[in-house]
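Peer 1: Show me the folded form of this:
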Amino acid sequence: MTQDASLALFFLSLQDPQALEDSHAPYGTAEESEVRDLLSFVREASGRYAAPAPLEVRITRTLKVYVGDRELKIRPMAKAVLLLFLRHPEGIVLKQIGDYRKEMVSYYSRVMRSMDPDNVDRRIQRLLDIFSNELNVNISRVNAALSALVGPAEEKLYRVSGRAGEPKSIPLDRALVIWE
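Peer 2: Residues are numbered from 1 along each chain as shown. Sure thing, here's the model as predicted:
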């Protein structure tokens, strides 16, 4: 029996459990017709509710971020946080965020071209301070902006998420992330 037929028989059993006492018994044409009809219905319904294909994320040389063909407009620090998580698909343990200081300084200073290096250092230090809430605030900003851009059906692919104490990451397939 094929997997599709087994699935159809399962749905039929929900309708009339007594009708399928022996799932290996031969079925007559009436039962086969019901299975075909149900399979057709299941295929049609699953096609209607299939999730849309994920959108590509493109980062330009000037660090503009596009999701599909729409630019993601977020604050510079939130953008630096997003770029950091996009570069690290393995995830980042938030308590160890200080290990990424040099990379964060690089992203933030490139996004904030007019800012002096001391000011960049102070802002990054505040973000990386594990006793500060700055990192969580910026992760929330990233998640809210991405959710607004891609919608609720796809947002879980683009969100920075993870369990407490474990690495936080963006689960999007990195084949969909293009760095120009």
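
Peer 1: Would you mind giving me the confidence score for the residue most central in space within the chain?
Peer 2: For the chain, the residue nearest the mean C-alpha position is residue 157 (0.8 Å; C-alpha atoms, centre = their mean). Per-residue pLDDT puts residue 157 at 95.

Peer 1: what do you get for residue 151?
Peer 2: Confidence for residue 151, expressed as pLDDT, is 87.

Peer 1: just residue 26 next, same as before
Peer 2: 54.

Peer 1: got a list of contacts for the host helix or strand of residue 82?
Peer 2: Element membership for residue 82 (DSSP states H and E) is helix 76-87. With contact meaning C-beta atoms under 8 Å, 6 or more residues apart in numbering, helix 76-87 is reached by 57, 59, 63, 65, 72, 74, 92, 100, 103-104, 107-108, 111-112, 123, 127, 134-135, 138-139, 141-142, 145-146, 160, 168-170, 177. (C-beta placed from N, C-alpha, C; glycine too.)

Peer 1: and residue 60, what does it touch?
Peer 2: Applying C-beta under 8 Å, 6+ apart, the residues contacting residue 60 are 66, 180.

Peer 1: What's the separation between it and residue 178?
Peer 2: Residue 60 is 10 Å from residue 178, where distance means C-beta to C-beta, to the nearest Å.

Peer 1: Give me the buried stretch members for stretch 106-120, please.
Peer 2: Judged by neighbour count using 16 or more other C-beta atoms under 10 Å, the buried positions of stretch 106-120 are 106-109, 111-112, 120.
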